[in-house]
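K.L.:
model the structure of this input:
(chains A and B)
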Amino acid sequence: MGANPNDMSCKELVELVTEYLEGALSPADQRRFELHMSKCEGCKLYIDQIRLTIKAAGQLTEDSINPAVKDELLAAFRDWKKR
Amino acid sequence: MMDEIGGCAGKVWRHLEEHRDSTLEEMTKAPKLKESVAWMALGCLAREDISLVLTFRDQAVSIRNIPLSVADQLRDTLQSPQQALDPGSTTPSSESRSTKASRSIYSGSTEELDLIAALRSGDELAFTQLVGTYQNRLLRTARTYVNSEAVAEEVVQETWLGVLKGLESFEGRCSLKTWIFQILINRARTRGKREGRMIPFSVMFDPQTDPGAPAVDPSLFNDNGPESLGGWISPPRDWGKSPEQALLSQESRALVQAAIDALRSSQKQVITLHDVQGWTSREVCDILGISEANQRVLLHRARSKVRQALDQYYAYE
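P.N.:
The predicted structure is shown next:
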């Protein structure tokens, strides 16, 4: 990237990705971030990969429960009801 | 008459925004409203899909506006429909609002109040659904505090017993979800400490925990400049033709899970609640007792490391 001291470097950008995605950057930094991103393929790809990482993490929640545990809990609920 | 009620609804809303907890008496006194009109104004607000919690206890009526975190969540959903599609998200979506208590429940919703009433009356289906909604999320969260699956299961079991014990006295000051997770986290922390495997959250900014230390390996970047200072030495590589598809595979789930398991517990807790289970940042901060800034640092480190694990596996030269 350019030599302008105000420009954001790749090294700086990768450390600000979460703040950027969470909308926590100052307006000035957000402008510097977006300006850099618009010109740098490597950083664009990096941000895409962070987005994919977040998505992959979001797909971890599974839905099946051990039936034995469920029965045990239901029994506890019935006991509780009797009190 | 409708105009009058509408105007009062505005006053009541403003009052509730200023005083998140309010009794009916305070609510009629400050904005100077007749009780009957105040009730109609509340009814009017409720029709606008604004959730209010009315608690009847010993003849006193208290009125509570929904927690800010929930309001944020609602606003996020309205602004980005994408989020409602996130499978890990607990954001209320139209689907979850119509299927009662099946996926997500939020404080102050009629669904949640109905659910609490059903649980208190001993409704087994309601309890089974509640367990269905949270069991695996609780287990996953417990695992970030203790080192074995067996201990995590015990902690979750104790949590449910704690929930049953506290159900009668649950006041709805936070959402049911937050309350259940608070019980879990308290127990998991105690257990983790007893096992001597847990470092208190406050001192968890490790050697690499120095908040100023970079999360991404600095050797990836050029340090002689000035032209290319801080630029990639070798830029990130592609993750194949259809990385989204690849990331859905069983293999990459295992990879992501392993990468999360390998994180320090503070980072593990934050990424598990925020990215895996779709909690909002504010909810994560509230339940873990950390600042938004700390939360972001931990989340950033965690994401950077998980990305790196995926990168080592998927990157094509």
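
K.L.:
use CA for all of it now, contacts and neighbours both
P.N.:
Noted.

K.L.:
now do the helices in the stretch 201-317 of chain B.
P.N.:
Taking DSSP state H, counting those that start in this stretch to define them, one finds helices in the stretch 201-317 of chain B at B:243-247, B:250-261, B:265-271, B:281-288, B:292-314.

K.L.:
please read the previous query as pertaining to chain A.
P.N.:
A:10-14, A:17-21, A:27-39, A:41-58, A:67-82 (DSSP state H).

K.L.:
for the helices of the stretch 201-317 of chain B, give me JSON lines that also has mean neighbour count and distance to A:E22.
P.N.:
Below are the helices of the stretch 201-317 of chain B laid out as JSON lines (neighbours: other Cα atoms under 10 Å in any protein chain shown; distance: least, Cα to Cα, whole Å):
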{"stretch": "helix B:243-247", "mean neighbour count": "15", "distance to A:E22": "21"}
{"stretch": "helix B:250-261", "mean neighbour count": "17", "distance to A:E22": "20"}
{"stretch": "helix B:265-271", "mean neighbour count": "25", "distance to A:E22": "13"}
{"stretch": "helix B:281-288", "mean neighbour count": "18", "distance to A:E22": "9"}
{"stretch": "helix B:292-314", "mean neighbour count": "20", "distance to A:E22": "8"}
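
K.L.:
would you single out the least confident of these?
P.N.:
The stretch with the lowest average pLDDT out of these is helix B:243-247, scoring a mean of 84.

K.L.:
Throw the helices of the stretch 201-317 of chain B into TSV and include distance to B:K29, thanks.
P.N.:
Written out in TSV, the entries for the helices of the stretch 201-317 of chain B read as follows (distance: least, Cα to Cα, whole Å):
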stretch	distance to B:K29
helix B:243-247	57
helix B:250-261	53
helix B:265-271	43
helix B:281-288	32
helix B:292-314	36
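
K.L.:
tell me which of the ones you listed sits nearest to A:D7.
P.N.:
Checking the helices of the stretch 201-317 of chain B against A:D7 by Cα to Cα gives helix B:292-314 as the closest, at 21.9 Å.

K.L.:
what about A:R78, how many neighbours?
P.N.:
14 (other Cα atoms under 10 Å in any protein chain shown).

K.L.:
look up how far B:D123 lies from it.
P.N.:
9 Å (Cα to Cα, to the nearest Å).

K.L.:
next: A:D79.
P.N.:
Distance of A:D79 to B:D123, computed by Cα to Cα: 13 Å.

K.L.:
shaky segments in the chain?
P.N.:
Looking at chain A here, since you left the chain open. Applying pLDDT under 70 to chain A picks out residues A:1-5, A:61-64.

K.L.:
not quite, go with chain B.
P.N.:
B:1-10, B:12-27, B:30-32, B:35-108, B:196-212, B:225-227, B:316-317.

K.L.:
recalculate using a threshold of 80.
P.N.:
Residues of chain B meeting the criterion pLDDT under 80: B:1-109, B:193-213, B:224-228, B:316-317.

K.L.:
hey, where'd the strands end up in it?
P.N.:
Ranges of strands in chain B, per DSSP state E, are B:21-23, B:52-57, B:60-65.

K.L.:
sorry, back to before: buried deepest among the helices of chain A, which one?
P.N.:
helix A:10-14 (a mean of 22; mean count of other Cα atoms under 10 Å in any protein chain shown).

K.L.:
ok, that one near chain B or not?
P.N.:
Yes: applying Cα under 8 Å from any Cα of the partner chain, one finds helix A:10-14 touching chain B at A:10-12, A:14.

K.L.:
give the other helices and strands that that helix contacts.
P.N.:
Judged by 3 or more Cα pairs under 8 Å, 6 or more residues apart in numbering or on different chains; DSSP states H and E, helix A:10-14 is in contact with helix A:41-58.

K.L.:
about what we covered before: can you put the residues of helix A:10-14 next to chain B in a markdown table and add distance to B:Y134?
P.N.:
Below are those laid out as a markdown table (distance: Cα to Cα, whole Å):
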| residue | distance to B:Y134 |
| --- | --- |
| A:C10 | 40 |
| A:K11 | 40 |
| A:E12 | 39 |
| A:V14 | 34 |
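
K.L.:
relative to B:R301, which of the helices of chain A is closest?
P.N.:
Among these, the nearest to B:R301 by Cα to Cα is helix A:17-21 (9.1 Å).
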